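1. Everything below, folded, please.
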Amino acid sequence: MRTSSRRTRRVIIASVAAATLTAAAAGCGGGSDNKAGGGSSSSGSSSGSNSGSVTLPSLTGQNLEVAAVWTGPEQKNFVKVLKEFEKRTGATVKFVPTGDNTSTFLGTKIQGGQPPDVAFLPQVGVLRQFAEKGWLKPVDSSVQAQLDKNFTKGWQALGAYEGKQYGVYAKAANKSLVWYNTASFETAGISEAPTTWADFITTAQTVYESGTPAVSVGGANGWTLTDWFENVYLSQAGPEKYDQLAEHKIKWTDPSVKAALTTLAELFGNKDLVAGGTSGALQTDFPKSVTQTFTDPPKAAMVYEGDFVGAFITANTKAKVGTNAKVFPFPAVGTGKAPVVSGGDVAVALKASKGAQALLTFLASTDAAKIWASSGGFVSPNKSLDLSAYPDDVSRAIAKALVAAGDDFRFDMSDQAPAAFGGTDGKGEWKDLQDFLADPKDIAGTQSQLEADAAKAYANS
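-> Predicted coordinates:
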């Protein structure tokens, strides 16, 4: 069941973040002041091989399994964290990719009696469902100590259920960013990033007329489309409506949903503005949506998605974040404010073992966050992490905005929903918005299907 405290657990970073990101996109230089932010990562006791801010137990001879959705550079960067954990504890850790259907993958493992020791859940709703089923193990005092030291109450609350702490939000995401190819903007004669949706559409048209497809859309992955919708909806309908729709207190047939889909159709329904047209977008997955924007010559000038795009740019293209690849905040829609929606991955223990709790303790520390941050394409809500750990000014600006928000936030809407609606490939919201991308004119039909799928999923949750 879902608690009434869910309202306090929504994530939207304060609008001041938009100004910070705009400055980073415009300048991307200097940044020495940013490095002063955050706390020190050298506090705390240590002994033996446990150098750093947290002491870990000896786990020599123990084998651990960690499951998460990440592939490619995201997985590679996380494995660096696991390697340090192995070095400091003597444990051997195996990484297992879950695929997009994380809840289904883990549910099968758990019911089969072979769960991983630790798993990262990409949806808040999945954490609550798993906790209700008794599949999660509460954190121990060592984990809680790191959480109290390094995370605000809001981020801790996202990893809790009915008064018990289960998770560590070790990885967050600012999911309100538009990344752009600077050469494409220069060719089109664009010197300023758009700040409103109307300006965004005008910019896209200008880029197209200069000879480059405007926007790369990763429609083969339904979750990217939920992110598009959430940003438009949050800005256009406002935070109160966002909360109501997230909890299914208003229906998806509400006029506010119609307005948001109508706005999205201005982009999705214009074949000139979407790279490859709608059919091409539906065959483009998230990684390709990024790489094709930063190839030479580019197949698109802009791509929307979170801060984690930086890791894919660095790993898979020759572009450099802050030079060839820059970023601007998702534009404000209508009379609304520019949205900043956040997501995150929460680490939970599925086994009652010393090793699982030790890994959660490490993930909640600044030591782990520093390793992860240095690789790029990563943002941590760890308030004690010195911002100098991030590799570039763009990353530092994004992280600074996230931490500065404190507890004034809301969380990704689809990640709050039951997995059957907001977190399953080929079903629910993911599939419905893919169908909408294929036929942006059918707004009423899209609303009707979204409501039918939502009603069923929430009733069964």
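2. and after the lowest-mean-pLDDT helix or strand in the chain, which helix or strand comes next?
-> Each helix and strand of the chain was given a mean pLDDT (mean pLDDT, DSSP states H and E); the minimum falls on helix 16-26 at a mean of 39. For helix 16-26, the succeeding helix or strand toward the C-terminus, using DSSP states H and E, is strand 63-68.
3. Name the strands paired with that following strand and say parallel or antiparallel.
-> strand 92-97 (parallel), strand 118-121 (parallel) (DSSP bridges).
4. now the longest one, how far from the chain's geometric center?
-> Okay, so that is strand 92-97. From the chain centre to the centre of strand 92-97 is a distance of 22 Å (Cα atoms, centre = their mean, to the nearest Å).
5. Next: the shortest one.
-> For strand 118-121, the distance from its own C-alpha centre to the chain's C-alpha centre is 15 Å (Cα atoms, centre = their mean).
6. So which bits of the next helix or strand after that strand are buried?
-> Using DSSP H and E, the next helix or strand after strand 118-121 towards the C-terminus is helix 124-132. By 16 or more other Cβ atoms under 10 Å, the buried positions in helix 124-132 come out as 124, 125, 126, 127, 128, 129, 130, 131. To be clear about C-beta, it is placed using only N, CA and C from the backbone, and glycine gets the same treatment.
7. which ones are touching the last one?
-> Put plainly, it is residue 131. Counting by Cβ atoms under 8 Å, 6 or more residues apart in numbering, residue 131 makes contact with 161, 162, 164, 166.
8. ok, now how distant is it from residue 413?
-> 20 Å (Cβ to Cβ, to the nearest Å).
9. Repeat that for the fifth one.
-> In this view, residue 128 and residue 413 are 15 Å apart by Cβ to Cβ.
10. In this structure residue 292 contacts residue 284, no?
-> Yes. At 7.4 Å, residue 292 counts as touching residue 284 under the criterion of Cβ atoms under 8 Å.
11. ok so, going back, dump the buried residues of helix 124-132 to CSV, plus distance to residue 174.
-> CSV is the format used below for the buried residues of helix 124-132 (distance: Cβ to Cβ, whole Å):
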residue, distance to residue 174
124, 17
125, 20
126, 21
127, 20
128, 23
129, 26
130, 26
131, 26
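12. that older thread, using TSV, lay out the strands paired with strand 63-68 together with mean neighbour count.
-> Below are those laid out as TSV (neighbours: other Cβ atoms under 10 Å):
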stretch	mean neighbour count
strand 92-97	15
strand 118-121	28
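13. can you map out the strands along the stretch 201-350 of the chain?
-> 215-216, 302-304, 325-329, 342-349 (DSSP state E, counting those that start in this stretch).
14. Those strands: which one's closest to residue 250?
-> For the strands of the stretch 201-350 of the chain, proximity to residue 250 was assessed by Cβ to Cβ; strand 342-349 is nearest, at 21.9 Å.
15. quick one: contacts for the closest residue to residue 214 other than its chain neighbours?
-> Spatial nearest neighbour of residue 214, excluding adjacent residues (Cβ to Cβ, 6 or more residues apart in numbering): residue 204 at 3.7 Å. Counting by Cβ under 8 Å, 6+ apart, residue 204 makes contact with 214, 215, 267, 273, 301, 302.
16. Recalculate using a threshold of 10 Å.
-> 188, 194, 213-215, 266-267, 270, 272-274, 300-302 (Cβ atoms under 10 Å, 6 or more residues apart in numbering).
17. before we move on, back to that, between the strands paired with strand 63-68, which one is nearest to residue 143?
-> Short answer: strand 118-121, nearest of those by Cβ to Cβ, at 11.1 Å.
18. any idea of the mean pLDDT for the closest one?
-> If you average the pLDDT over strand 118-121, you get 97.
19. Please apply the same query to stretch 336-346.
-> The model assigns stretch 336-346 a mean pLDDT of 87.
20. Could I get the buried residue list for that stretch?
-> 336, 338, 339, 340, 341, 342, 343, 344, 345, 346.
21. could you pull out the helices for the stretch 201-350 of the chain?
-> With DSSP state H, counting those that start in this stretch as the criterion, the stretch 201-350 of the chain has helices at 222-237, 239-246, 255-268, 277-282, 286-291, 309-316.
22. how many other residues sit next to the closest residue to residue 265 other than its chain neighbours?
-> Spatial nearest neighbour of residue 265, excluding adjacent residues (Cβ to Cβ, 6+ apart): residue 440 at 4.0 Å. Around residue 440 there are 20 other residues, counting by other Cβ atoms under 10 Å.
23. what sits against residue 440?
-> 261, 262, 264, 265, 266, 267, 268, 269, 270, 274, 278, 446.
24. Next: residue 282.
-> Contacts were defined as Cβ under 10 Å, 6+ apart; by that measure residue 282 touches 217, 218, 219, 220, 225, 276, 434, 435, 437, 438.
25. Please identify which of those residues is nearest to residue 317.
-> For those, the nearest to residue 317 is residue 218 (15.3 Å; Cβ to Cβ).
26. residues contacting the residue nearest to that closest one when sequence neighbours are not counted?
-> Spatially, and ignoring its direct neighbours in sequence, residue 218 is nearest to residue 289 (3.4 Å; Cβ to Cβ, 6+ apart). For residue 289, the contact set (Cβ under 10 Å, 6+ apart) comprises 179, 215-221, 224, 275, 281, 299-300, 303-305, 309, 312.
27. Quickly note the distance from residue 289 to residue 260.
-> On the measure of Cβ to Cβ, residue 289 and residue 260 end up 21 Å apart.
28. now swap in residue 113 and tell me
-> The gap separating residue 113 from residue 260 is 44 Å, by Cβ to Cβ.
29. These two: which is more packed in?
-> Ranked by neighbour count (other Cβ under 10 Å), residue 113 and residue 260 place residue 260 first, with 25 against 6.
30. Count residues in the vicinity of the closest residue to residue 241 other than its chain neighbours, would you?
-> Take residue 241 and drop its neighbours on the chain: the residue closest to it by Cβ to Cβ, 6+ apart is residue 256, 5.1 Å away. If you count neighbours by other Cβ under 10 Å, residue 256 ends up with 17.
31. And residue 320, by the same measure?
-> 14.
32. Renumber starting at 377 from here on
-> Shifting the count to begin at 377 puts that one at residue 696.
33. For it, report the pLDDT, please.
-> Confidence score, pLDDT, at residue 696: 92.
34. pull the CA atoms of stretch 712-723 into CSV?
-> Extracted C-alpha coordinates of stretch 712-723, given in CSV (Å, rounded to 0.1, in the frame of the first residue of the first chain):
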residue,chain,number,x,y,z
GLY,A,712,5.0,27.9,-16.2
LYS,A,713,8.5,27.8,-14.8
ALA,A,714,11.4,25.9,-16.3
PRO,A,715,11.1,22.3,-14.8
VAL,A,716,13.8,20.3,-13.2
VAL,A,717,12.7,16.8,-12.6
SER,A,718,15.0,14.3,-10.8
GLY,A,719,15.3,10.6,-10.8
GLY,A,720,17.6,8.2,-9.0
ASP,A,721,18.7,4.7,-8.4
VAL,A,722,18.4,3.3,-4.9
ALA,A,723,20.6,0.5,-3.6
